[in-house]
Each structure stands twice: as structure tokens, then as C-alpha cells.
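>>> prediction below, plus the sequence it came from.
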Amino acid sequence: RSAGLRVRKGGGVKPGLHYDIPSSAYHADPCEVPSLSVSIAKVLLGRSPLHAFHRHPRLGAVPDDSQTPSKTRGSVIHDILLGGGPAFTVIEADDFRTKAAQSIRDHALTTGGVPILARQMEEYTEAADIIGRRLASQGVSLSGRSEVTAVWDAGVLCRGRLDHLLLDDGVILDLKTITAPSWDTLARHMINFGYDIQNAAYTEAIETLSPDLAGRVQFRFVFLECEAPYDVVVAEARGSMKRLGELKWERAKATWKQCLSSGIWPGIAPLPVGIEAPLWAIT
């Protein structure tokens, strides 16, 4: 049982599509009560409700601050293409070894910006330009609205951040960076990173908020290779992959509702478990 539940009394972002909510406000969960997001659903299903409580910004409030050069690169290219992300602070320096560069970097980080060396920014901009042309050649239009926050009631209050939405066409585009794309890696990424859950959740969001689109929403993952030759693969979850995501999302909502109402957030194994020796140890 957890005692750290922080619930706003009244106010908060109401269900609907919102086009002006900053990224920082979205990730802090601006809803009236703690809402379920895809990232929290992945933690809940992949680890436990206790870990989901720990990670949620309105409950345990311990953020995942892990960042790698590859993630930074992907995030910057993503934001150049779509806009709506954090502000970039371009630093005219070869590296962060000097005190001046460190000072600018630290100030950017404390104000929610992203510090980037000038030479890196030039590289990222060139990559985004190439990727943008490849998207256009495949008929992928970014003429809709980017960074759209969806809040909807599906038995529990849910929220999502849609990369790009063409609402009139019922099309959701989600940009994902990937290294060395192949048929095997695409399927593995869908499972390992919970993209199947995202497909189910965001499709549900649009169908709930725009009932006239029910059964007609198209969720397309746009996998971007952020290193030369900058390949682009547009993919959709179909058949068993689509159904798997739907089942996971339904389970996540049911578990979230139960834990939120009871205040009980069990760990991985709330009861004693038996552990057998693995075959490699016996060998």
C-alpha cells in the first residue's frame, strides 16, 4: 500500500485533443487525477504496478533520466522534423571541456532546453533534411498537427502524446529512430519497446474522441535511420501484432484501475515464489 498519492482537486486538463500543452507539462501529467500513459503501461506490464507507481510523475515521481548520445541524436532529429519539442541551445565550441561551454550547457539543462554543439547541430539538420525528403517520396505528409496531447476516458483516465495527427484523414504518425532497420528488428522493436501497446492506446484515443472515425483510424509507425544512408520505413501493426497490443492495453487499464482505487501497488511477486536451477547452471 502506498501513501504518496497526489490528486488535484478539480481543474486539470479535461478529455479532448489539446494542441498547446508543452512537453514538460504533458510529462508531468496535467490531468485531474493520475492518468495512464503508454510509457507507464509498459512499466506496469513489463515489471510491476509497484514500479509503475514509482515512475509515475504524480505518484512516486522518480523520472527515467537515462540518456545516451544515440537517444539525443534521435530526439533532436525528431524535433527538427516535427517541432514542438524543447528549445535547442547551440553552443559554439568543439566540446564541453571549457568552463564557458559547461556554463551554457548547464543553464540550458536547468531551463528545460537541450544543449547541442554547433557541429552536431549541423549534422542533425542535414540528416533531418535528407529524412524529410525520403518521407515526402514515400507519400508521408507532415501537414497536420504535431505534438498533440490526447486525454480520454476508457474506464480510467488516459493520456497520450501524438507525434503527428492528420485528424480529418484519421491518420496518426509516430516517428521512431532505429539502428540498422530490417524485418527482424522492426518486429522486435514493436514488442521490446511496447509499440504494439501504443498502437492500441492511441487508436482508442482518436476513436473515443472522434467517434465518427471509429474503425477507420490508421496508425503508422515511421522508422527513421538516423545515420547514413538515412533509410525510412513506414509500418503498421496488423493481425496478431495489433491484437497483442490491444490485449496488453486492456490488461494495463484494468490493473491500473484496480491499483488506483485500492491504493495497493504490488511488486513483481507479492507471494513467495519457487526458483528452479536453470539448465546452464546444472550443466
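Arrived safely, thanks for sending.

>>> contacting residues for residue 55?
39-40, 43, 62-64 (CB atoms under 8 Å, 6 or more residues apart in numbering). Where C-beta positions appear, they are placed from N, C-alpha and C, glycine not excepted.

>>> roughly how far does the one residue sitting closest to the centre of the chain sit from residue 52?
Taking CA atoms, centre = their mean, the centroid of the chain lies closest to residue 39, which sits 6.0 Å from it. Taking CB to CB, to the nearest Å as the measure, residue 39 falls 9 Å from residue 52.

>>> and if you look at residue 265?
Taken as CB to CB, the span from residue 265 to residue 52 is 7 Å.

>>> and whichever helix or strand residue 219 is part of, which strands flank it?
Remark: residue 219 resides in strand 218-225, with elements defined by DSSP states H and E. Here strand 218-225 is paired, per DSSP bridges, with strand 171-178 (parallel), strand 232-235 (antiparallel).

>>> what do residue 265 and residue 52 both touch?
residue 259.

>>> hang on, residue 136 in a helix?
Yes: according to DSSP: H, G, I helix; E, B strand; the rest coil, residue 136 belongs to a helix.

>>> residue contacts, it?
No contacts exist for residue 136 under CB under 8 Å, 6+ apart.

>>> what's the following helix or strand after the biggest helix by length in the chain?
Counting by DSSP state H, the longest helix found in the chain is helix 239-262. In the C-terminal direction, the helix or strand that comes right after helix 239-262 (DSSP H and E) is helix 279-282.

>>> quick one: contacts of that next one?
Residues contacting helix 279-282 (CB under 8 Å, 6+ apart): none.

>>> can you check stretch 83-95 too?
In contact with stretch 83-95 (CB under 8 Å, 6+ apart) are residues 23-24, 75-76, 78-79, 100-101, 104-105, 107-108, 112-119, 121, 146-147.

>>> out of the residues you listed, which are inside helices?
23-24, 75-76, 78-79, 100-101, 104-105, 107-108, 118-119, 121.

>>> out of these, who's nearest residue 199?
residue 78 (18.3 Å; CB to CB).

>>> wait, that closest one sits on residue 175?
Yes: shown here, residue 78 and residue 175 form a contact pair, counting by CB atoms under 8 Å, at 5.4 Å.

>>> show me whatever sits in contact with both of those two.
By CB under 8 Å, 6+ apart, the residues touching both residue 78 and residue 175 are 163, 224.

>>> re the thing from before, just the buried members of the ones in helices among the contacts of stretch 83-95?
75-76, 78-79, 101, 104-105, 108, 121 (16 or more other CB atoms under 10 Å).

>>> most widely separated two among the residues you listed?
The widest separation within these (CB to CB) is 24.3 Å, between 78 and 101.

>>> what about the one helix or strand residue 39 maps to, distance to the chain center?
Element membership for residue 39, per DSSP H and E: helix 38-46. Averaged C-alpha coordinates place helix 38-46 at 11 Å from its chain's average position (CA atoms, centre = their mean, to the nearest Å).

>>> what comes up buried for that helix?
38-45.

>>> closest to residue 216 out of the residues you listed?
residue 38 (21.4 Å).

>>> what's the closest non-adjacent residue to that closest one?
Spatial nearest neighbour of residue 38, chain neighbours left out: residue 198 (4.7 Å); criterion: CB to CB, 6 or more residues apart in numbering.

>>> is it true that that neighbour touches residue 37?
No: using CB under 8 Å, residue 198 is not in contact with residue 37; the gap is 9.7 Å.

>>> joint contacts of those two?
residue 160.

>>> now residue 94, what's its secondary structure?
Under three-state DSSP, residue 94 falls in the coil class.

>>> please tell me how far it sits from residue 117.
7 Å.

>>> those two: which has the busier surroundings?
residue 117 (17 against 11; other CB atoms under 10 Å).

>>> which residues of this structure score low on pLDDT?
1-11, 65-68, 84-86, 112 (pLDDT under 70).

>>> cutoff 90 now
The chain contains residues with pLDDT under 90 at 1-12, 22-24, 61-125, 127, 139, 141, 177-185, 225-228, 269-273.

>>> farthest from the middle of it: give me that residue.
Quick read of the chain (CA atoms, centre = their mean): farthest out is residue 283, 41.6 Å.

>>> alright, calling it a day.
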